[in-house]
Structure formats: C-alpha cells, structure tokens
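Novice: With the sequence up front, the predicted model follows.
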Amino acid sequence: MAQLPYIEPEHADPVTKEVYDKAEARFQMVLNIFKITGNAPEIAEKMWEIFFEILREGQITWYQKELLILKATKMGDCLYCVTQHEVVSARLGVTKEKQEDIVGVEYQTSPHYSEDEIAILDLCAHVVLNPEAIPHEVWASVRKHYDDGQIVEIVATIGAYLQVSKFGDALGVELEPVWHGHEPVLFNVEPPASKAAQRHLDHFLSHSPQN
Amino acid sequence: MPATKILTKEQVEGNVKDVFNRAENHFGRIPNLVKVLATNPSMCTSITDFLIQSLGPGRVDWGFKELIILKTLRVMGSFYSYGAHERLAMELGVSEDKIGDLANSIWKSSPHYNEAEKVVFELVEQIGIDANDVSNELWDRLRNHWDNGQLLEINAVITTFIMIGRVADTLGVSDPVLFTKDVV
C-alpha cells in the first residue's frame, strides 16, 4: 500500500507536470514511483534527472546498465524494480536464460556472460553488500575493461538504483496494473530473502490474470 | 587517492564547468565527490544538481536533515563525509548532545530528541534493515508529525545518502569539509 498519495498528472503543479511529460515521452507512461514524488516537486525535478541519464546509452551501454540494475535491485529484493527491468532488459536483448543466471554467483560461470560483464557484476555485488570489502582483484578486472568515465557510470548506476529501490519500497509504491501477468524470472530462480518482499510478491502474483 | 581520477575546474568545460560553478556557488567550494564524478559529464551533472537540492533549506529543517544524513551514514556503515556533516549540523545550530545521541539505540532514550524526530530515526533504521518492511503503524506515527511533502523529503534524504555514501565509499572519495563556513 502506498503510504503517500500518487499525484495524478491533472493535479500536478507545472514543475511536476514537466517531469511527468518527460517520463511519459521516455517510458510511454507515468509510473507510480514518479507520481509519488509529485508530493515534493522540487525533489522530483532533480532526482529523476539522474534516472533519465542512466536509462539511455552512455559511456557504457544501456544493456550493461540493465544488468547492473537487475543485479543490484534483486540483491535488495525490490520487486518493483526487478519486474520492470526484467521487461526493459529483455527489450534490449537480455535473454531469459541470461537474466536467470544473474542471480547469486551463477553469472560467474554462465556461458551467457562475457568477462567484462562478470567484472562489473562482481563489483556490483560488493558495492551492494559492503564497498569496504571490494577486493583488489575485482578492481583489477574492472579496470582491464573500463576507463574512468565508464567506472563512474557503473558505480553511479548501482548507487542510483540502491536509492530508488529503497525509496520506492519504503513508501510502498505498487506495481502498476500493466505489469500484472508478468511471470517473474529472477524471483523464480531465487525467492526474496525478505519475508516482507515475499508477501509483496505473493500479492503481486495474486493479481495475475490466471488467479 | 580515489579509484578514478579527479578533475579540477581548469580541466573541465561545457556542462561540467557549469555544474562546477553551481557547486562552488552552493558549497563555497567544489566537493571532491563532484570532481571525481567529472570524468562522466552526465552523471556528474545530474548527481551534483540533486546533491545541491538535497543539502540546503527544505520542507524539513536543514539541521534536522543533517541529523537524518548522519544517522543514515551510521546505519549503512558509510564513511563518506561523516565529519563534514557533523560540522555542518553544528554550524546550523544542532547541539553536540544531539549529534552524540544518534549512536546505536541511544537516541531512543535521549532527552534531546522529541517524538517527531525519533520516529524518523526509526524509519532510517528500518530502511537499513529492510525497506520492504516499513509497517503501516510506523507510517501512521510518521504522519502524526509530518506532512506528505515532508515525508517525501525525509524518505528522499535517507535514500539519497545511501546512494551518495555507497558511490563515494566505492570510489574512495574523501570530503572532510563540504561547505565553507561563510555560505552556511
């Protein structure tokens, strides 16, 4: 249950409306997570710029960023982010088999992952768990494949999705009806560690058309 | 030394130079975090502008926002700029007692915090444990003290400093001072 009202476009102030228009142009709809930030337009205006920049080709590819987003948000048990990015990453060419192997450490030995992808997923796992424990070998592998500007984008993408996933989950932002019927991929491989996240997943699945 | 190179104002141009100027106007200096992000102009620009928006007067008293940031950094085990935020909180009029009482569970019985403040620290701790499991009951108590815009800002501050702490700690950034005293 969302803990703050979603501010619908017809009730949004001009600053928020501009953010909504940009979101709709990019993502074909105004997601609930955008609508909840309409409660503080000055925050919506600046916060979403980070995500508009991430969700496109950059110094690393959007495809690579989707792998990082799936990894980071799965580790955080964010049903909202994982569900949406399973769909977005599939549109960019990430196969179901590849999505499945991102869970745990499967990606490290998966035939679907290249050395440069394994390097940033290893980094991602450490950033989520404890940046202080990033081993030298992980940095060496990342530096072998990526320059400084790319490393900044990799780390910023992970950090931003830690932010938005916890932001949305804490506020109880719900998946929009358009996602009902989506069969989970990552959470089918490994259920959420969080009991609360499992309840959210059960609730989401109860809205699937076959139920 | 950070994991990626630091760019100075003399080494940047265009949008990055503009955001360096905005940072300098806001902080009185250019934080090292901004200089480290500068090898990626789009990330540097968007994250710095959000940081500028987050660190300043808002819907919630700025001094209290600094306490929320300090508690978030503690809960997340983050090292980035803790001392700078302590210093900033004090410059904004927050007492040393309040800053000290943020530690572990001491705030729960601290006479220096009121119920409105304590319920926010409960939220910080719960987000640190499991953001999926913030109860309706906790939200009811938050709503007793704060309006919708303030709650959005509180939630944004907590999660933004989870991001900032993670990014800076990963890249090995140190910012012992964020603001020059004359701009606070």
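Specialist: Received the coordinates, thanks.
Novice: Check whether stretch B:115-128 comes near chain A.
Specialist: Yes. Interface with chain A: stretch B:115-128 contributes B:123, B:126-127 (Cβ under 8 Å from any Cβ of the partner chain). C-beta coordinates here come from the backbone N, C-alpha and C atoms, glycine included.
Novice: and if you look at stretch B:153-161?
Specialist: Yes. Contact of stretch B:153-161 with chain A (Cβ under 8 Å from any Cβ) involves B:153, B:155-156, B:158-160.
Novice: So for stretch A:38-53, what gets flagged as buried?
Specialist: Neighbour counts using 16 or more other Cβ atoms under 10 Å in any protein chain shown place A:38-41, A:43-53 of stretch A:38-53 among the buried residues.
Novice: do the same with stretch B:73-93
Specialist: Using 16+ other Cβ under 10 Å as the test for burial, stretch B:73-93 gives B:73-76, B:78-81, B:84-90, B:92.
Novice: among those, which are in helices?
Specialist: Among the buried residues of stretch B:73-93, DSSP state H puts B:73-75, B:84-90 in helices.
Novice: For my notes, please list the residues you listed in CSV and give pLDDT and distance to chain A for each entry.
Specialist: Below are those laid out as CSV (pLDDT from 0 to 100; distance: Cβ to the nearest Cβ, whole Å):
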residue, pLDDT, distance to chain A
B:73, 98, 13
B:74, 98, 14
B:75, 98, 11
B:84, 97, 18
B:85, 98, 17
B:86, 98, 20
B:87, 96, 23
B:88, 97, 20
B:89, 97, 21
B:90, 97, 25
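Novice: quick one: low-confidence parts of chain B?
Specialist: For chain B, no stretch is flagged by pLDDT under 70.
Novice: give me that answer again for 80
Specialist: Residue ranges of chain B with pLDDT under 80: B:1.
Novice: How is it divided into domains?
Specialist: Structural domains annotated on chain B: B:9-54, B:62-171, as defined by automatic domain parsing.
Novice: would you turn the ones you listed into JSON lines with distance to residue A:33?
Specialist: As requested, the domains of chain B are exported to JSON lines (distance: least, Cβ to Cβ, whole Å):
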{"stretch": "domain B:9-54", "distance to residue A:33": "16"}
{"stretch": "domain B:62-171", "distance to residue A:33": "12"}
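Novice: do you know how far residue A:197 is from residue A:37?
Specialist: Between residue A:197 and residue A:37 the computed distance is 22 Å (Cβ to Cβ, to the nearest Å).
Novice: Who has more neighbours out of the two?
Specialist: Legend: neighbour count by other Cβ atoms under 10 Å in any protein chain shown for residue A:197 and residue A:37, higher for residue A:37 (27 against 22).
Novice: so the more buried one touches residue A:51, yeah?
Specialist: No. Counting by Cβ atoms under 8 Å, residue A:37 does not reach residue A:51; the two are 10.9 Å apart.
Novice: Show me which helix runs longest in chain A.
Specialist: Counting by DSSP H, the longest helix found in chain A is helix A:148-170.
Novice: what packs against the helix ranked longest in chain B?
Specialist: Using DSSP H, we find that the single longest helix of chain B is helix B:148-171. Identification of packing neighbours for helix B:148-171 by 3 or more Cβ pairs under 8 Å, 6 or more residues apart in numbering or on different chains; DSSP states H and E yields helix A:41-54, helix A:115-129, helix A:148-170, helix B:32-37, helix B:41-54, helix B:62-75, helix B:115-130, helix B:136-145.
Novice: how does it look with 7 Å?
Specialist: With contacts defined as 3 or more Cβ pairs under 7 Å, 6 or more residues apart in numbering or on different chains; DSSP states H and E, helix B:148-171 has these neighbours: helix A:41-54, helix A:148-170, helix B:41-54, helix B:62-75, helix B:115-130.
Novice: The last one to helix B:136-145, inter-axis angle?
Specialist: Read it as helix B:115-130. Using axes from the mean of the first three to the mean of the last three Cα atoms, to 10 degrees, the inter-axis angle of helix B:115-130 relative to helix B:136-145 is 150 degrees.
Novice: Please identify the buried residues of helix B:115-130?
Specialist: Across helix B:115-130, burial judged by 16+ other Cβ under 10 Å covers B:117, B:119-128, B:130.
Novice: can I get these in a markdown table with distance to residue A:9?
Specialist: Supplementary listing: these in a markdown table, determined by distance: Cβ to Cβ, whole Å:
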| residue | distance to residue A:9 |
| --- | --- |
| B:117 | 35 |
| B:119 | 32 |
| B:120 | 30 |
| B:121 | 35 |
| B:122 | 33 |
| B:123 | 28 |
| B:124 | 32 |
| B:125 | 35 |
| B:126 | 31 |
| B:127 | 28 |
| B:128 | 34 |
| B:130 | 32 |
